[in-house]
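Asker: need a structure here:
(3 chains)
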Amino acid sequence: MEKIIYGVAYYYEYLPYDRLQEDIVMMKAAGINTVRIAESTWSTYEKSPGVFDFSSVEYVLDEMEKADIQVIIGTPTYAVPNWLVELDPEVMVYRKGAGRSLYGMRQSMDITNPTYLKYAERIIRKLMEVTAHRKHVIGFQIDNETKAYGTSSKNVQNDFVSYLKEEFDHDLNKLNHEFGLDYWSNRIDSWEQLPDVNGTINGSYGAEFEKFQRLLVDKFLQWQADIVSEYKRDDQFITQNFDFEWRGYSYGVQPEVNHVKAAKAITLAGCDIYHPTQDELTGQEIAFGGDSTRNLKKDNYLVLETQAQGFPAWTPFRNQLRLQAYSHLSSGANAVMYWHWHSIHNSAESYWKGLLSHDFRENDTYNEAKVIGKELAELSPKLVNLQKNNRVALVVSNEALTALKWFPVDFNAAFQSTLTYNDIVRQYYSALYQLNIEVDIVSPDHEGWLDYEILVVPALYAAPDRVYQELEQFVLRGGKLLASFKTAVANEHVKISHDGTPKYLEKVFGMTYNQFTVPTGQVLEGDLFDKTVTVRGFMEYLKVDTAKSLAHYGRSQANPASAITINQYGEGKAAYIACMLDQSDFNQALSTILAQEFDYTLSGYQFPIIVKQGSNDDGNTITYILNYSNQIIEVQSPVSGVSLLSKAVISETQTVQLEPWGLDIIETIK
Amino acid sequence: MEKIIYGVAYYYEYLPYDRLQEDIVMMKAAGINTVRIAESTWSTYEKSPGVFDFSSVEYVLDEMEKADIQVIIGTPTYAVPNWLVELDPEVMVYRKGAGRSLYGMRQSMDITNPTYLKYAERIIRKLMEVTAHRKHVIGFQIDNETKAYGTSSKNVQNDFVSYLKEEFDHDLNKLNHEFGLDYWSNRIDSWEQLPDVNGTINGSYGAEFEKFQRLLVDKFLQWQADIVSEYKRDDQFITQNFDFEWRGYSYGVQPEVNHVKAAKAITLAGCDIYHPTQDELTGQEIAFGGDSTRNLKKDNYLVLETQAQGFPAWTPFRNQLRLQAYSHLSSGANAVMYWHWHSIHNSAESYWKGLLSHDFRENDTYNEAKVIGKELAELSPKLVNLQKNNRVALVVSNEALTALKWFPVDFNAAFQSTLTYNDIVRQYYSALYQLNIEVDIVSPDHEGWLDYEILVVPALYAAPDRVYQELEQFVLRGGKLLASFKTAVANEHVKISHDGTPKYLEKVFGMTYNQFTVPTGQVLEGDLFDKTVTVRGFMEYLKVDTAKSLAHYGRSQANPASAITINQYGEGKAAYIACMLDQSDFNQALSTILAQEFDYTLSGYQFPIIVKQGSNDDGNTITYILNYSNQIIEVQSPVSGVSLLSKAVISETQTVQLEPWGLDIIETIK
Amino acid sequence: MEKIIYGVAYYYEYLPYDRLQEDIVMMKAAGINTVRIAESTWSTYEKSPGVFDFSSVEYVLDEMEKADIQVIIGTPTYAVPNWLVELDPEVMVYRKGAGRSLYGMRQSMDITNPTYLKYAERIIRKLMEVTAHRKHVIGFQIDNETKAYGTSSKNVQNDFVSYLKEEFDHDLNKLNHEFGLDYWSNRIDSWEQLPDVNGTINGSYGAEFEKFQRLLVDKFLQWQADIVSEYKRDDQFITQNFDFEWRGYSYGVQPEVNHVKAAKAITLAGCDIYHPTQDELTGQEIAFGGDSTRNLKKDNYLVLETQAQGFPAWTPFRNQLRLQAYSHLSSGANAVMYWHWHSIHNSAESYWKGLLSHDFRENDTYNEAKVIGKELAELSPKLVNLQKNNRVALVVSNEALTALKWFPVDFNAAFQSTLTYNDIVRQYYSALYQLNIEVDIVSPDHEGWLDYEILVVPALYAAPDRVYQELEQFVLRGGKLLASFKTAVANEHVKISHDGTPKYLEKVFGMTYNQFTVPTGQVLEGDLFDKTVTVRGFMEYLKVDTAKSLAHYGRSQANPASAITINQYGEGKAAYIACMLDQSDFNQALSTILAQEFDYTLSGYQFPIIVKQGSNDDGNTITYILNYSNQIIEVQSPVSGVSLLSKAVISETQTVQLEPWGLDIIETIK
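Answerer: Residues are numbered from 1 along each chain as shown, chains lettered A, B, ... in the order given. As a prediction, this is how the structure comes out:
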């Protein structure tokens, strides 16, 4: 990519009046160099079946071209016209517990429905005919935040049965045994007897269906990409707007999409990152999204959507919009695009404020964008295409997430739980982030997922045996492995190991366990901590064999057991943390293990100061120093070089002063 | 009306045995002079289709006549017999998300269903034939707490489409544009494409449907009133039992009925007022209901239902039943009727205690009613027909309520909110009440809604442009306007202004804003307060033009902005309060603005002492002094006159002593 | 029974590989002498209709016989194969608000469906043919935790109408009157007009249906027992696994089954008892289950299921598994059987840990079972068949529970409540338990329910008049009665008394009341307490007649009223506690009334020390002293005798030392 994209989603079709010219003037003033258009408005382009009108698209393309603003075209398939549903009511998704959806909401169609696919293909082809040849169209986003939307109608069930036949080599006994269908009389004697998965209580059957639904997403995206590829130029990319678990903001593994597999369909990775601001702006959600998306194509990525103002509670404080933009770049983003340019005056999301408010006038946030736009116009050549070379990877997994949804860690007597897979992932990622350890977020589905010095593995509850065996080999060959409780328990069909846990890894970790509980005040003892540490949420009772115990459970009515262990295995080392801790206690445990057992030297910088590095197209090192606090902070510079913002020459012995929610960027010549 | 009605709802049909004679004896002992009968028991009067038996009605009429007790007849249409549902299953209401209701609950029929209407008309006519000519029948209540009950079946949808065609002059483009249907591909190309409103995410379409449902209520009541009018004498009234939002008690604008429009069908206003008691008895719910209902026909009104004992938690303390009765009268009620005479021994509402408990014996509450009945018998000529002449009005709106349901003020990242329209209305009404500022509650649908010195306008989020223009004229001509945040944002189709907010009123208020947020600890600074005041719930960042800032947001990461402003405009003044506050802080802001900017002199009385006034049929001033506390309180008398309760002569310099939950009533000769 | 059963549920069919031999070795090592098999796995035995394969059952029977381990056979009818649902979709239960269930979950069939019953009968007969003659098969469990599962389909509704015709002598007026159907126009004029009970708001109609559903359970169990009886030998028992209300553990009256009536079908009582452990182990749930189940057949009973490890949060502390086992025996259990032997590797309940964990290896809990097994092998002859002879009974009732579900005690303005029938029962049982007063838990459906010196009756809200009359006779003849608020209010059709409360018992208690409320800080005054006591949850205002007031409500705005009364009536005494209290305050009230008014001498032992007694087959007294705490406790021995555990001779003046979660058992020769 030649320059940093500073952009917005632009919905000409939603405007209360034609103000394209005024908008372009204001965009140019803010350094906006790219707009994303055309997703979401199928019914505007095809008001009735087969009657096409792309005049608004062409008008916007014409004017953007005149203004030298690049355009990304989104295919409008994630929201269908009502006439399509009238042609075939089964276009609407059928969901477990909810039945057939009513028309209205976006992302509520059955992505396997033939009618939908037929008409979607036609509108895509028509749109491509109009747009693909345009000079300023730099790429295509296929669909948007695609998922299977829980589709589980009769025909999806039938396809699932076909899939299972393949998965189990047409061997019913294998299926019965592997899924444990004897339980509660669920055993079947013919494939036709497989009951509607919507009613199942069998976690293996249910989790396999969710995996199948993720495969539907892969298939759908590949199908769109193939169509788009027939039209696009070589210099045009295909991207997709991946999103993350929604926790009131973007964070954690997306349960409904296997990003690694789905990304095979595209040529350039993209994502949504929405995050809290004001006092809650930490940069962590931005970093998580970046560390995940950067690895999908092992390259830079686009932040296709992030908020300017966003939710009412998110209106940014002074300096925050700027800090956010550079936070994305520091993780390797090549694009920061706001959703959206103007706040919408009707319908559903009018609560969500764009870069402009409903009055289209200048506002404090827009004015800050003007500052950013100006800086980026100058610094783009030095900041674009930032390359990372991380020593540490965090290993995540859709399959583990789904398995722990069916079989929660702390499932209680009210048949509820409080601790999800992403909660555990979060404890691990938060520690790494707060300690300024840059990581790649990978999954066992990534090629080269073991090509790191250190692997951090939270709650890898279920995986094919080969994954556990590869982890053993990783340590044997000298790798350093740190895993949490609930790692290596079940196979890929969520069948729990009957031969000891951690499955295949008892020798690697030098310990085993077969009892665990939910703590109510238990504490840790041992040299790892300099104070009393209380266990939270979940704990396994470890019985050490060759491992060294770094911490054990204190005064308790139970028999003695270890809580944190370290073991030398082959050329490598394996640490295991058998319980959940408060974040600060966990940070201490992690940093001590890294420093003392894994020979990893920590930088000493800690949140709210975050330091991020990479090399630019010139091979120079770019160092971001980011201040996620409302205080002025002075820190010693981590590098010598030149500040790209102040132009000052800075040596490693000097301090750098950071404004509230401020930052500096230093270039160090190689 | 000639006398105060002190009455009860009486269900002879529910009695476990015939005790009409004993009941009448006990009623007379308590001064009960009116009963409401016959609503709710259709299946008793028409056990099978066309077979009528009004013997219980006639028996009760006969005996009440002998005992000189007046009767209000309720039409029994709000609970249908099961045989009617068997004739036509579509008599049961079809609701969004719930489908067709099962038979059982009252108020669960489709009020537009032709079968229902046909049979309802017949039972009304039959009942009128039996009752209308009776001497002691003073009036008719048509149906009860009528609503559309969420009806949204296919036929209602069809009628709604017809309504929209009219509303938009058969111009589809106008509809598409005004509702913003391009959004998420909801645009339509023919009226037939309008999707089932039950699935919509379009707030304009959804809010318009709720308005349409309120119109169904107006139509239904007018239809009943027309039938009843064919039979009733001129001296007999037609009323309806309006109720309010249910917040665990009656308070706030009723979302499902536009009282102002619905009241066109009736000749005398009536309402339900249920309210907390014991330590929670404040009189505020009573006053809110009265200040609302009094304005429907610009006359006195009936409290057709209020509790004697009510919910288990509401069993009144000593003196409270009496305080409550006079509270109603002090707002202009001409009737206080308990729901109900006797507690019911079966079915659904047996938890709810009437004036008598299940044992039909005297109890402490009934014994207090005897005191009230005796006093009213004496004082009725002086207390009946109390007239108010308020300088201040509180402006409320169904349309604003519905719009803020679709687009909540503090919509958050979990897609939830905590602050509703009625919460904001409540902050404003509570302040007025606690500061002893008597008000009329009006809506822009009232004729003469601007005929006040001061208008207080909380969160008038959506309204036709003419309303905002009338407010401008109001100030221009010398009116004093005080509005809250979220006033004048959208038009009547919930399309947000694209040309600045407050819409049409930027010059009136002398300020504008285009950013807002949900505060997390922000404080107010400025002369308006003598202490630090924390902002709660919501805040807009005001940019003043000609206005004077009375308070601005303190230390913050955001750019400076005002929070409370005052502006001279034409002959009048306009104040704007851009944020939510704690009630006591708000009371201070309001009272200061009223006193210092609006030249309104406060009486100095404050809750728990409430003073209410009006003039009686003799033109004398009646002053109620009400003590809503469990303490004996002495206050200086607000007027000179004679205590109607103690008969003492009281001068304005004297103190009046009020018992716990006690009161005094002073008549001042004109 | 000849010996204590120490057993497990064993699911050979669920094993990931054949390890029957290894399991038997480990069972023998732990003293396991009985296994329960064959329930839950119908689809394994009949993979397709009419094709039977009991090879796994026979294999297990063969090997258990060789190992001298007894077997209980469970009929596999509580979980159906999917092929059965395909034969007749109406096999799946139809539930109020939920419609027809999807296949998957156990206990989700319609137990009245003819197809289900036909195929269930065949599998039962086939299983009996294979197992009934086997020497080591000691008995049969029919179905498992049987309920009606909310069945309310059209055909069940029809049967219910037939039942009502009988119940009301084909007299519609009687039904209309007794259920109060005039209310809200629910009156009917023909049996055909009875609406679907799923929609009803009539609590009498609804509660009667729930009673009818309980009768379906009785009928279903009798039907199974009759089939099994055709095959079983005289020395083989028929049992059922009754369970209790699930409150996150087993406690309280089971709403869906009338244990007393259902137990008529069986020859030996059995139950599930699952309970908290760790710091929450109190023995109370164990005692409640035992005190209930022991009275079903007036004999010892089987604990057919209790947890070894159970939920993650329940992994027992050291010594707890042993304390739990003896706790069951001390209540009169003849069997302690763990659910289940091995943790399951798939499906739904893999979170639930058996005696063995998923790895089948020894663990701390299993190792403690080995200690228990060894002790029981020795002590069984002295501990088996423990007989109780209690002076006190706690009276509970399904009808009262259901009535208070429809009409909650503290029903509030949000139409919710916090206080259930079982909450009240719990306050009463907890007090008796903590004060070491051994009781039988009986219902008015037990023969001989009045044959006690003292009856404790919490919230007997609804019952046939004969029950209240029998209580009067009980006191008249010299019995001591202690009842709570909400006792004797309604008849068996939940029609509230119109002639005073407590119904029929005003003279017995020497007081009456007709007002009540939910307290908000009210306190009690009077000699009963030595400190200020705050009322919680609910209170009735008692007006004493002949009764003595033991406590009255303190400072209040209400008129004076009593809260706790005692009255001499005939030869007996009757106490009434009109409000809810904190547990410790209630314990004080109860113990004072028992000691001072009812001449009941308390032992002085208090929780966490629990003393339980009975006589064994030799007629000797067996005294258990149980320590439910994590402290070493020394107590004076309640008896002289010989410790069965330490073999020490102990006199009544000596102290006994109990380990944390420890116990002693003393035999006193008669």
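Asker: tell me how chain A divides into domains.
Answerer: A:5-77+A:107-146+A:220-383, A:392-597, A:609-668 (automatic domain parsing).
Asker: let's have the ones you listed in a markdown table, adding mean neighbour count.
Answerer: Quick note: C-beta positions are derived from backbone N, CA and C, even for glycine. Shown next, in a markdown table, are the domains of chain A (neighbours: other C-beta atoms under 10 Å in any protein chain shown):
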| stretch | mean neighbour count |
| --- | --- |
| domain A:5-77+A:107-146+A:220-383 | 21 |
| domain A:392-597 | 21 |
| domain A:609-668 | 17 |
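Asker: out of those domains, nearest to residue C:233?
Answerer: domain A:392-597 (37.2 Å; C-beta to C-beta).
Asker: can you classify the most centrally placed residue in chain A by secondary structure?
Answerer: For chain A, the residue nearest the mean C-alpha position is residue A:244 (4.2 Å; C-alpha atoms, centre = their mean). Of the three states, residue A:244 takes coil under DSSP: H, G, I helix; E, B strand; the rest coil.
Asker: what about it, distance to residue A:140?
Answerer: Going from residue A:244 to residue A:140 by C-beta to C-beta, to the nearest Å gives 22 Å.
Asker: coming back round to it: so which of the domains of chain A gets nearest residue A:174?
Answerer: Nearest of the domains of chain A (C-beta to C-beta): domain A:392-597, 10.1 Å.
Asker: does the closest one reach chain C?
Answerer: Yes - part of domain A:392-597 sits near chain C under the criterion C-beta under 8 Å from any C-beta of the partner chain, namely A:407-414, A:494-501, A:512, A:514-518, A:520, A:538, A:541, A:556-559.
Asker: is any residue of that domain near chain B?
Answerer: No - using C-beta under 8 Å from any C-beta, domain A:392-597 never reaches chain B; the gap is at least 15.6 Å.
Asker: now the end-to-end length of that domain.
Answerer: 15 Å (C-alpha to C-alpha, to the nearest Å).
Asker: how distant is that domain from the center of its chain?
Answerer: Put simply, domain A:392-597 sits 21 Å off its chain's centre (C-alpha atoms, centre = their mean, to the nearest Å).
Asker: now swap in stretch A:368-375 and tell me
Answerer: Per C-alpha atoms, centre = their mean, the centroid offset for stretch A:368-375 relative to its chain is 27 Å.
Asker: then it to PDB, C-alphas only?
Answerer: In PDB, the C-alpha atoms belonging to stretch A:368-375 read as follows (Å, rounded to 0.1, in the frame of the first residue of the first chain):
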ATOM      1  CA  GLU A 368      -9.400  17.000  15.800                       C
ATOM      2  CA  ALA A 369      -9.700  14.900  12.700                       C
ATOM      3  CA  LYS A 370      -8.400  17.800  10.700                       C
ATOM      4  CA  VAL A 371      -5.200  17.800  12.800                       C
ATOM      5  CA  ILE A 372      -4.800  14.000  12.300                       C
ATOM      6  CA  GLY A 373      -5.400  14.300   8.500                       C
ATOM      7  CA  LYS A 374      -2.800  17.000   8.200                       C
ATOM      8  CA  GLU A 375      -0.200  14.900  10.100                       C
END
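Asker: that one and chain B in contact?
Answerer: No - between stretch A:368-375 and chain B, judged by C-beta under 8 Å from any C-beta, nothing touches; the nearest distance is 9.7 Å.
Asker: the residue in the stretch 1-150 of chain A positioned nearest to chain B - how many residues pack around it?
Answerer: Closest contact between the stretch 1-150 of chain A and chain B, by C-beta to the nearest C-beta, is at residue A:102 (2.7 Å). For residue A:102, the neighbour count with other C-beta atoms under 10 Å in any protein chain shown is 17.
Asker: how near is the closest residue in space to it that isn't next to it in sequence to residue C:605?
Answerer: The shortest distance from residue A:102 to any non-neighbouring residue, by C-beta to C-beta, 6 or more residues apart in numbering or on different chains, is to residue B:199 (2.7 Å). Using C-beta to C-beta, residue B:199 is found at 65 Å from residue C:605.
Asker: what do you get for residue A:474?
Answerer: On the measure of C-beta to C-beta, residue A:474 and residue C:605 end up 60 Å apart.
Asker: swap in residue A:517?
Answerer: Taking C-beta to C-beta, one finds residue A:517 at 31 Å from residue C:605.
Asker: for the closest residue to residue A:4 other than its chain neighbours, what is the enclosing helix or strand?
Answerer: Distances taken as C-beta to C-beta, 6+ apart put residue A:380 closest to residue A:4, at 4.4 Å, once the chain neighbours are dropped. Using DSSP states H and E, residue A:380 sits in helix A:364-383.
Asker: now do that helix: distance to the chain's middle.
Answerer: On C-alpha atoms, centre = their mean, the centre of helix A:364-383 falls 26 Å from that of its chain.
Asker: need the residues that contact it.
Answerer: A:3-4, A:6, A:26, A:29-32, A:308-309, A:315-316, A:318-319, A:321-322, A:325, A:329, A:338, A:355-356, A:616-618, A:620, A:622, A:644-645, A:665, A:667, B:515, B:541, B:558-559 (C-beta atoms under 8 Å, 6 or more residues apart in numbering or on different chains).
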